[in-house]
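*Asks:* Quick check, what structure comes out for this input:
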Amino acid sequence: MTAESENGNGSRLVLGLPKGSLQEATFTMMRKAGFNIEAGSRSYIPSVDDQELRIRLLRAQEISRYVESGHLDAGITGYDWITENGSDVVDVTELLYAKQGLKPVRWVLAVPDASPYRCAADLAGKRVATEAVGLTRRYFAERNIAVHLEFSWGATEVKTPELVDAIVELTETGSSLRAHNLRIIDTVLESTTRLIAGHVAWKDAWKRRKIEQLKILLQGALAAETRVLLKLNVACKNLDAIIGLLPSLHAPTVNPLSASDWIAVETVIEERLVRDLIPALKNNGAEGIIEVPLNKVIP
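*Replies:* Numbers count the residues shown, from 1 in each chain. Next comes the predicted model:
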């Protein structure tokens, strides 16, 4: 069985989305991109309000393999699992989000706080557990360090020091590792979420257009995560001072109001700047300041 090409309603793109820790963040991004997805807690075939899409929920670890084989046309998964599987797929775009924020995640080499190990070389001949066996094997092989490597089915943090000497585990903040009295001694791989496509789907003109549409909309949704629209009114005499304060994606939009000596100004800015910027704008004569959240920003 391979991805769908056509049915009575025309062409369909079969898209794999990650089930599990990345699912909620991915559904949020898809919704902001304009695709509303509904899935029950046990559903692997959710509904979506786009007749040209078919969604399949799979573990992130599996998605790149099914995209490579053609069972999925495209998918969203981590760079780590593409590398772990050695999948030959089209890397369409990086989507910089994770379970807890808009940043990369890391596979790290960690040991118990009380252990004497300070670097990877100290683990020669020792036991290392991980879910990402391929990544870890390559990491130690590149350093010519022989270790006893074993696959971990889960709860990897609790296996040291009784069962293994070290672990390679995925982390965003390191808080779980610290809670288990573990110390990071190296980064094995930094990973981000990726939109990928199969080579056959990428060569299909219609499917490629659909995948590129997804790329543009998802990138726009991610860009909007850190930006807001700021709207304000200002007297003409204060316009230059206000414009000088405003960082923007491009030049601010400036329009005259019905009152001949007043101007309306709009601009897209980084949300982190707002708390310092609004008081400065107010102090320089801006009035009617409105901060508006955004769904998408398309440069």
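*Asks:* contacting residues around the host helix or strand of Val67?
*Replies:* For Val67, the host element (DSSP states H and E) is helix 60-69. With contact meaning C-beta atoms under 8 Å, 6 or more residues apart in numbering, helix 60-69 is reached by 2, 16-20, 22, 58, 72-78, 81-82, 84-85, 87-89, 131, 196-198. (Glycine included, C-beta is placed from N, CA and C.)
*Asks:* For it, which residues meet the burial criterion?
*Replies:* 60-68 (16 or more other C-beta atoms under 10 Å).
*Asks:* Nearest to His148 among these?
*Replies:* Gln61 (22.7 Å; C-beta to C-beta).
*Asks:* ok, Leu257 - contacts?
*Replies:* So Leu257 contacts 233, 263-264 (C-beta under 8 Å, 6+ apart).
*Asks:* of those, buried ones?
*Replies:* 233, 263.
*Asks:* Now flag whichever of the contacts of Leu257 is closest to Asp240.
*Replies:* Ile263 (10.8 Å).
*Asks:* How many residues are close by Arg272?
*Replies:* 11 (other C-beta atoms under 10 Å).
*Asks:* quick one on the thing from earlier: and the buried residues of helix 60-69 as CSV, adding pLDDT and distance to His148?
*Replies:* Output for the buried residues of helix 60-69, formatted as CSV (pLDDT from 0 to 100; distance: C-beta to C-beta, whole Å):
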residue, pLDDT, distance to His148
Ala60, 93, 27
Gln61, 94, 23
Glu62, 96, 27
Ile63, 97, 30
Ser64, 97, 27
Arg65, 97, 27
Tyr66, 98, 31
Val67, 98, 33
Glu68, 98, 30
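*Asks:* which one of these is nearest Val228?
*Replies:* Ala60 (30.5 Å).
*Asks:* where's the closest one relative to Ile82, distance?
*Replies:* As defined by C-beta to C-beta, to the nearest Å, Ala60 lies at a distance of 10 Å from Ile82.
*Asks:* on that earlier part again, from the contacts of helix 60-69, keep the buried residues only.
*Replies:* Buried subset of the contacts of helix 60-69 (neighbour count, 16+ other C-beta under 10 Å): 16-19, 22, 58, 72-78, 81-82, 84-85, 87, 89, 131, 196-198.
*Asks:* Which strands or helices does the one helix or strand Val268 maps to pack on?
*Replies:* Per DSSP H and E, Val268 falls inside strand 262-270. Applying 3 or more C-beta pairs under 8 Å, 6 or more residues apart in numbering; DSSP states H and E, one finds that strand 262-270 contacts strand 227-235, helix 239-245, strand 253-256.
*Asks:* In strands, which of the contacts of helix 60-69 appear?
*Replies:* 16-19, 58, 74-78, 196-197 (DSSP state E).
*Asks:* Sort out which one of those lies nearest Leu149 for me.
*Replies:* Gly78 (20.5 Å).
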